[in-house]
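K.L.:
structure for the following, please:
(one chain, ligands or ions: 1)
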Amino acid sequence: MSATPLPRTEGTGDQAEEALSLDRRDEWAALGAHRERLGGTRLRDLFDADPARADRLTLDVGGLHADYSKNLVTDETLRLLAELAGATRVAALRDAMLRGDHINVTEDRAVLHTALRAPRSAVIEADGRDVVPEVHAVLDRMAEFADRVRSRRWLGHTGLPVRRVVNIGIGGSDLGPAMAYEALRPYSDRDLEFRFVSNVDGADLHESLRDADPATTLFVVSSKTFTTVETITNATAARRWLVEGLGTEEAVSRHFAAVSTNTEAVERFGIDTDHMFGFWDWVGGRYSYDSAIGLSLMVAIGPERFREMLAGFHLMDTHFATAPVERNLPFLLGLLGIWYGGFWDAQSHAVLPYSHHMSRFSAYLQQLDMESNGKSVQRDGRPVGWATGPVVWGTPGTNGQHAYFQLLHQGTRFVPADLLGFAEPAPDLPEALVPQHDLLMANMFAQGQALAFGRTAAEVAGEGVPAGLVPHRTFPGDRPTTTILAERLSPSVLGQLVALYEHKVFVQGAVWNINSFDQWGVQLGKVLAERVEPALTSGKEVEGLDASTAGLVARYRTLRGR
Ligand SMILES: O=P(O)(O)OC[C@H]1O[C@](O)(CO)[C@@H](O)[C@@H]1O
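P.N.:
Residues are numbered from 1 along each chain as shown. Just a heads-up that it's a prediction; the model follows:
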């Protein structure tokens, strides 16, 4: 880590305000006192006392209908949370981000992923230069490339069109495109096959190539830095496979494209920079799939759908930038998380999509949220004295119901959750399968109800359940959920959802006064792996290994017969 003093963000101005620790703010104390007063307030009581609650605590933004009435909040809670957002100057930091200030203070960078989806007419400056024309120039080149592959005009070395696209990347260079490809699969060209390879375990690449024909395979090597060891190792192996398969190095040019900010490294690797698509250091890896990192996705769904997705992102950006805090969905979701983490001791947050196509969404959010807000020092380096980012997890809801929902309903842990669902089934679903959609959605609505309101002992006993079983069959309820319902999982709606969570993470990082845009915590393991690897292969003594790790290395070598 750099020893140079951190540049100050130009954004928020008031240094005395910024220096005040979150837990010493009056607004924080007010929330603590409010929490005490709420005590064991039940959602049942809140709904009974206020027939308008379900109507009032909802918000429509673009194609998303958010119902946050099943959260453990009153109007007073929401007012106090909005005051906390005001005191911590979240809106000022948001504006600083949107205008290109270097709010990523530890890396001295602007944070401008919102520029990736700005319309052509917008002007957004990073370091004094309008970045919007460059963004659209790359999008146009991507569109041309995607169209050539999709129309089978892009020919491989032997003159055959592409059948399989293999995206090689990891973290933000994998999770976004892989998640979005799954989400928008019904919109994709079904005659093209897509694979996403991330793991340095050779099995990942092998499974993606074992039935592939080098003559019809296109690799998209995606890496912001183009130095990430997993990606470069896999890309090198892929290149070897291709050259062996087609018998000549010359084939590489027609079968490899690259997405990166590092032109030199791409050239060094041997990928023709005519087939390279760039982006910029002001795009964080986990905020990048709407940049050229989405190239494989664009090949799958086509430039028009990709642009619809960008328009969805932009819609949510505009809402985030302009709506008042109390009616601003990213603010609301962010503040609810602050409430549960700070005053209800919630350790985790579940995101449960009732949609098969959203199966990778929670995995995508894990990086977005946990790499952003898994921090324990404030922006100026002081330790935090409050809980920051939660463990984010989840899988499609119905599957979860038969796995871990038992704990959500009756366990001792408190797990707030988001339920995501779509009124329309996937657009390509055969007629015979459409009726299943009602069953799917009935489950989502029922789970929200059961989690919120439970089933009291009296109700259970009233159903004739034997007394000994009553405690086992009682559901405490008061497990909060926010339900987000959209008409359909379209490209635009996906963009809206991703931008919603991006900005939710932003709001939380701003209140917690942490830098959501660096990721120093991933460095140590990388450095140590580089030191350990020679010990595994050559048996050379590696200095500085602790006794446990040295023992494991020795055991590994024995098991491998070395
Ligand atoms: O795109 P790159 O440079 O290969 O990095 C991949 C990922 O590695 C990280 O730097 C650390 O996990 C992520 O932030 C990033 O998305």
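K.L.:
what strand or helix carries residue 482?
P.N.:
If you go by DSSP states H and E, residue 482 is part of strand 481-486.
K.L.:
adjacent strands (with direction) for that strand?
P.N.:
Here strand 481-486 has these sheet partners by DSSP bridges: strand 64-67 (antiparallel), strand 417-422 (parallel).
K.L.:
distance of the closest residue to residue 19 other than its chain neighbours from residue 20?
P.N.:
Distances taken as C-beta to C-beta, 6 or more residues apart in numbering put residue 380 closest to residue 19, at 7.6 Å, once the chain neighbours are dropped. Yep, even glycine has a C-beta here, placed from its N, CA and C like the rest. Going from residue 380 to residue 20 by C-beta to C-beta, to the nearest Å gives 12 Å.
K.L.:
can you give me the neighbour number for the closest residue to residue 377 other than its chain neighbours?
P.N.:
In space, and not counting its chain neighbours, residue 377 is closest to residue 383: 5.7 Å by C-beta to C-beta, 6+ apart. Neighbour count for residue 383, taken as other C-beta atoms under 10 Å: 8.
K.L.:
which SSE is the residue most central in space within the chain in?
P.N.:
A centroid search over the chain (C-alpha atoms, centre = their mean) returns residue 365, at 2.8 Å, as the residue closest to the centre. Assigned by DSSP H and E, residue 365 belongs to helix 361-365.
K.L.:
mind giving me the packing neighbours of whichever helix or strand comes after that helix?
P.N.:
Next helix or strand after helix 361-365 toward the C-terminus (DSSP H and E): helix 372-373. Applying 3 or more C-beta pairs under 8 Å, 6 or more residues apart in numbering; DSSP states H and E, we find helix 372-373 packed against helix 491-512.
K.L.:
could you give the angle of the helix it packs on to strand 481-486?
P.N.:
Computed by axes from the mean of the first three to the mean of the last three C-alpha atoms, to 10 degrees, the angle separating helix 491-512 from strand 481-486 equals 150 degrees.
K.L.:
so helix 491-512, near the ligand or not?
P.N.:
No. Helix 491-512 lies out of reach of the ligand by C-beta under 6 Å from any ligand atom, never closer than 13.6 Å.
K.L.:
okay, that helix in PDB with CA atoms only?
P.N.:
The C-alpha coordinates for helix 491-512 follow below in PDB (Å, rounded to 0.1, in the frame of the first residue of the first chain):
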ATOM      1  CA  PRO A 491     -32.600  -5.800 -20.500                       C
ATOM      2  CA  SER A 492     -33.800  -2.400 -19.200                       C
ATOM      3  CA  VAL A 493     -35.100  -3.900 -15.900                       C
ATOM      4  CA  LEU A 494     -31.800  -5.700 -15.300                       C
ATOM      5  CA  GLY A 495     -29.900  -2.500 -15.800                       C
ATOM      6  CA  GLN A 496     -32.300  -0.800 -13.300                       C
ATOM      7  CA  LEU A 497     -31.700  -3.500 -10.800                       C
ATOM      8  CA  VAL A 498     -28.000  -3.500 -11.000                       C
ATOM      9  CA  ALA A 499     -27.700   0.300 -10.800                       C
ATOM     10  CA  LEU A 500     -30.100   0.200  -7.800                       C
ATOM     11  CA  TYR A 501     -27.800  -2.100  -5.900                       C
ATOM     12  CA  GLU A 502     -24.700  -0.200  -7.000                       C
ATOM     13  CA  HIS A 503     -26.100   3.000  -5.600                       C
ATOM     14  CA  LYS A 504     -27.400   1.200  -2.500                       C
ATOM     15  CA  VAL A 505     -23.800   0.100  -1.800                       C
ATOM     16  CA  PHE A 506     -22.700   3.700  -2.400                       C
ATOM     17  CA  VAL A 507     -25.100   5.100   0.100                       C
ATOM     18  CA  GLN A 508     -24.000   2.600   2.800                       C
ATOM     19  CA  GLY A 509     -20.300   3.200   2.200                       C
ATOM     20  CA  ALA A 510     -21.000   7.000   2.400                       C
ATOM     21  CA  VAL A 511     -22.800   6.700   5.700                       C
ATOM     22  CA  TRP A 512     -20.200   4.300   7.100                       C
END
